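Chemist: Predicted structure and sequence below. I'll ask about it afterward.
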Amino acid sequence: MFRAAASLRHRVAACAASTQVASRFASNFAVVHVGGKQYKVAPNDVIVTNKLDCEIGKVIRLEKVLLAGSADFTMIGTPLLSRDGVKVTAMVTEQSKGAKIVSFKKKRRQGYIRKKGHRQDLTFLRIQEVDVSLAASSDHQQLQTEASESA
């Protein structure tokens, strides 16, 4: 039980350590919604999500982008950014199961004992690209037109 959890943590730590320096100085970042959760991602980051129905090695596009930016700017969606303004792609690197979680119930002196185990199916995604095209973003175009009209 503990070996599975330790090996999963070791694999995630190894993937994160190999990309830690690269992602720290990445130019763009985004907040994406995948599998019911939100993740802040940058190029070469590895995220662990609930199981996605994809083959290993397949490159997918993460459609639900809530926020994108870099050191110079930030674009916030209401609630999502436009599809043509931001492009976040990721490669499926691994499909596996998480550590075993044991649910144990007992009522003393009643002979009542229940034990269940569960292992969550997981998908490892490596973010390949966070492309923010300011020219295609309708929000950025509106800001430019408003700034030029007021000047």
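Modeler: On my side now, so go ahead. Residues are numbered from 1 along each chain as shown.

Chemist: Find the centremost residue of this protein, please.
Modeler: The structure's the chain has its C-alpha centroid closest to residue 39; by C-alpha atoms, centre = their mean the separation is 4.1 Å.

Chemist: For the chain, give me the ranges with low pLDDT.
Modeler: 1-26, 134-151 (pLDDT under 70).

Chemist: host element of the residue with the largest distance to the centre of the chain?
Modeler: Distance to the chain centre peaks in the chain at residue 109, reaching 46.7 Å (criterion: C-alpha atoms, centre = their mean). Element membership for residue 109, per DSSP states H and E: none, as it lies in no helix or strand.

Chemist: mind checking how far it is from residue 115?
Modeler: According to C-beta to C-beta, to the nearest Å, residue 109 and residue 115 sit 18 Å apart. C-beta: built from backbone N, CA, C; applies to glycine.

Chemist: As a check, name the ranges of all helices in this structure.
Modeler: Using DSSP state H, the helices of the chain run over 2-24, 138-150.

Chemist: can you pull up the bridge partners for residue 95?
Modeler: With DSSP bridges as the criterion, residue 95 is bridged to residue 123.

Chemist: was I right about it contacting residue 123?
Modeler: Yes: with the criterion set as C-beta atoms under 8 Å, residue 95 and residue 123 qualify as a contacting pair; they are 5.6 Å apart.

Chemist: Counting neighbours, go ahead and name the busier of those two.
Modeler: In terms of neighbours (other C-beta atoms under 10 Å), residue 123 is the more surrounded of residue 95 and residue 123; the figures are 22 against 15.
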